[in-house]
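In: Structure of the sequence below:
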Amino acid sequence: MRNILIFSTALLLSACQYSPNEPQSTQYLTVLHTNDNHGRFWRNDKGEYGMAARKTLIDKLKSEAENSGHAVILLSGGDINTGVPESDLQFAEPDFKGMKKLGYDAMALGNHEFDNSRDVLAKQIEWAGFPILSANIIDNTSQSPAYTPYTIIKKEGLTIAVLGLTTVDTVKIANPKHIDGLTFIEPLAATQDWAPKIKAKYNPDVMIAVTHMGHYHDAAHGINAPGDVTLARQLAPGTLDLIVGGHSQEPVCVDKSGKENTHFSPGKTCKPDNQNGTWIMQAHEWGKYVGKAVFKISGDTKTLVSYNLIPVNLKDDKGVVIGESIEEDLQLLAFLKPFQDKGQAQIAGAVGSVDSFLDGRRSTVRFKQSKLADLIINAQMAAVEADFGIISGGGIRDSIEQGDISYKDVLKVHPFRNRITYVDWQGKDLINYLNTVAQFPPDSGAYMQYHHITFDLKDNKVVNVKIAGQPLALNQRYRMSINSYNAAGGDGYPKVNQLAEYTATDFTDAQVLKDYLQKHSPIKAVDL
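Out: Sure, this is the predicted structure:
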């Protein structure tokens, strides 16, 4: 069937065509962008997004722009790894190789690029074949950037500089052994160092940062490291023309006053953020959208002519595609299908069963105690022979349906491959720890799920603490299971991974849950 893409008059950007009245120095740049792919090389069960449909759209947008005399670049805000078992089990090989076929010019190195060992990352960079950038990750031995800090792209007479930046939160959310020997310096310092050097050497027409730092409206980053808004505000005006971001996984759209546009939905107009003269853009996540920005460049003046977030086969509540349906590119589909088939074969079959629905929805695990959390903690306790266990509710990413449980179901609950660790607490020190973690409020990723331990909160202190039904003794030792993410300070938890009483195992959360299900099924929810 012939692929048809119909765009509105605004998307045709007739205003961007060359005019006889414009000076000859006027040029146009179309920037296409995505971010936070997280393993979504294949369409989902509803037929949404996927790289094959994304390629059809990108090829169409490139062709239109090039026929209008525009330079065109395609950028990513990073985080290609982690999220879908078919990709995770193949170290995102289909995703990186698919991006190469889509024609990406550069991407930011995301924190999830460190979910695997660095030899895997080196292989992923090889698969990609395009620059994967970060200027603020320093090799401790050489004291120089551990990865390519920037790239220079020349298109249609334009010189475009692209600088990469990675969130410093990587040090608390990545596996410690995967970032050993690296220092993450502040993105502001890296930009202030590199931008003048790049400009002096190349005199670029456009200066772009691809970042994986997060966009936080009005710089309200909370417990997260500062993101794109903070960076743009702190830089001297004119340092960067554009930031193409990722990490916070949102469509960055603002209203006329510059505040968050909470009414944006697929198919609607999106105005990107502008801070201190720097445009900031992000295209949500998973390839759901392709962002398209058109800039008019006249000397030192860069004007954003238009911006759109174009949905990739997203559907409304009735299952109807929003906008025009985009057919999948058949060549890329044929390339990706063996990876999809291989991934599905690896996760086929049941590893256990449960007699009722185990609720892992955000509205549950971040607000109240969950039976699914009880199952997860039971598995982690068993793996390290712990007396009790805790996890942050935000680490539970999906529910488990009643009936047979597949390995895919397990990997959807646990996509991050956190290691299982433990701390041998003395009772009096455990009290101090609980006084912090028990305070995390509902409606936050940090909200604590716990099992085989009970307590009351009184005047912001834990009292009446019992472990396995017995009162806590201040001079007794108790083993607590906890994943490596929370142990390293993830979700704002106190860092315990430097304590002498801390031990890390090589077991992953998904593996221990799978093993537990295989050993103890059928699971009865009432017994958890």
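
In: Any buried residues in stretch 31-50, and which?
Out: For stretch 31-50, the neighbour count (16 or more other C-beta atoms under 10 Å) marks 31-43, 48-50 as buried. Heads up, the C-betas are built off the backbone N, CA and C, glycines and all.

In: List the contacts of Ala52.
Out: Shown in contact with Ala52 (C-beta atoms under 8 Å, 6 or more residues apart in numbering): Arg43, Glu328, Asp329, Leu330, Leu332, Leu333, Leu336.

In: for the buried residues of stretch 31-50, which one is nearest Val423?
Out: His38 (30.0 Å; C-beta to C-beta).

In: Look at the residue lying closest to that closest one once chain neighbours are set aside and report its pLDDT.
Out: Spatially, and ignoring its direct neighbours in sequence, His38 is nearest to Gly83 (3.2 Å; C-beta to C-beta, 6 or more residues apart in numbering). Confidence at Gly83, expressed as pLDDT, is 81.

In: For Gly83, the count of nearby residues, please.
Out: Here the count is done by other C-beta atoms under 10 Å, and Gly83 has 23 residues near it.

In: what's the farthest-apart pair in the buried residues of stretch 31-50?
Out: Val31 and Trp42 (26.0 Å).

In: tell me which residues form a beta bridge with Ile73?
Out: Judged by DSSP bridges, the bridge partners of Ile73 are Val31.

In: Distance check, it against Ser306.
Out: Separation of Ile73 from Ser306 (C-beta to C-beta, to the nearest Å) stands at 16 Å.

In: Comparing those two, which shows the higher neighbour count?
Out: More crowded of Ile73 and Ser306, by other C-beta under 10 Å: Ile73, with 23 against 17.

In: ok, that one - contacts?
Out: Contacts of Ile73 by C-beta under 8 Å, 6+ apart are Leu29, Thr30, Val31, Leu32, Asp105, Ala106, Ile153, Lys155, Ile160, Val162.

In: And the pLDDT at it?
Out: Looking at Ile73, the pLDDT reads 98.

In: Mind listing what's buried along the helix or strand hosting Lys428?
Out: In this assignment (DSSP states H and E), Lys428 forms part of helix 427-437. Applying a neighbour-count criterion of 16+ other C-beta under 10 Å, the buried positions in helix 427-437 are Gly427, Asp429, Leu430, Ile431, Tyr433, Leu434, Val437.

In: quick check, nearest of these to Lys315?
Out: Nearest to Lys315 out of these is Val437 (C-beta to C-beta; 39.6 Å).

In: quick one: that closest one and Pro494 touch, right?
Out: Yes. Using C-beta atoms under 8 Å, Val437 is in contact with Pro494, at 7.2 Å.

In: In the stretch 351-500 of the chain, mark out all the strands, start to finish.
Out: Secondary structure of the stretch 351-500 of the chain, counting by DSSP state E, counting those that start in this stretch: strands at 388-392, 403-406, 419-426, 448-451, 453-458, 461-467, 470-471, 477-483.

In: how about those in JSON lines, adding distance to Lys342 and mean pLDDT?
Out: Shown next, in JSON lines, are the strands of the stretch 351-500 of the chain (distance: least, C-beta to C-beta, whole Å; pLDDT from 0 to 100):
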{"stretch": "strand 388-392", "distance to Lys342": "31", "mean pLDDT": "97"}
{"stretch": "strand 403-406", "distance to Lys342": "16", "mean pLDDT": "95"}
{"stretch": "strand 419-426", "distance to Lys342": "25", "mean pLDDT": "96"}
{"stretch": "strand 448-451", "distance to Lys342": "34", "mean pLDDT": "97"}
{"stretch": "strand 453-458", "distance to Lys342": "42", "mean pLDDT": "95"}
{"stretch": "strand 461-467", "distance to Lys342": "45", "mean pLDDT": "96"}
{"stretch": "strand 470-471", "distance to Lys342": "49", "mean pLDDT": "96"}
{"stretch": "strand 477-483", "distance to Lys342": "28", "mean pLDDT": "97"}
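
In: will you turn these into a markdown table that also has distance to Arg118 and mean neighbour count?
Out: Converted to a markdown table, the strands of the stretch 351-500 of the chain look like this (distance: least, C-beta to C-beta, whole Å; neighbours: other C-beta atoms under 10 Å):
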| stretch | distance to Arg118 | mean neighbour count |
| --- | --- | --- |
| strand 388-392 | 26 | 24 |
| strand 403-406 | 31 | 17 |
| strand 419-426 | 16 | 21 |
| strand 448-451 | 31 | 20 |
| strand 453-458 | 37 | 15 |
| strand 461-467 | 39 | 16 |
| strand 470-471 | 45 | 10 |
| strand 477-483 | 21 | 23 |
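
In: Out of the buried residues of helix 427-437, which is nearest to Leu89?
Out: Closest to Leu89 out of the buried residues of helix 427-437 is Val437 (32.2 Å), distances taken as C-beta to C-beta.

In: okay, that closest one: pLDDT?
Out: 96.

In: same thing with Gln24?
Out: Gln24 is given a pLDDT of 54.

In: what do you get for the one 5 residues further on?
Out: pLDDT for Leu29: 98.

In: now it, what's its secondary structure?
Out: strand (DSSP: H, G, I helix; E, B strand; the rest coil).

In: Touching, it and Ile160? I think so.
Out: Yes. At 7.1 Å, Leu29 and Ile160 qualify as touching, with contact defined as C-beta under 8 Å.

In: Next up, the contacts around Glu156.
Out: Contacts of Glu156 (C-beta under 8 Å, 6+ apart): Gln27, Gly69, His70, Ala71.

In: rerun that using 10 Å as the cut-off
Out: Neighbouring residues of Glu156 by C-beta atoms under 10 Å, 6 or more residues apart in numbering: Gln27, Tyr28, Leu29, Ala65, Glu66, Gly69, His70, Ala71, Val72.

In: repeat for Ser353
Out: Residues counted as contacts of Ser353 (C-beta under 10 Å, 6+ apart) are Ile400, Gln402, Gly403, Asp404, Ile405, Leu517, Ser521, Pro522, Ile523.

In: Check Thr421 too.
Out: Thr421 sits in contact with 380, 384, 480-488, 496-497, 502-505, 507, where contact means C-beta under 10 Å, 6+ apart.

In: Repeat that for Leu528.
Out: Val354, Leu358, Ser370, Lys371, Leu372, Ala373, Asp374, Leu375, Ile376, Ile377, Asn378, His451.

In: Tell me how far the last one lies from Ala373.
Out: Meaning His451. Separation of His451 from Ala373 (C-beta to C-beta): 7 Å.
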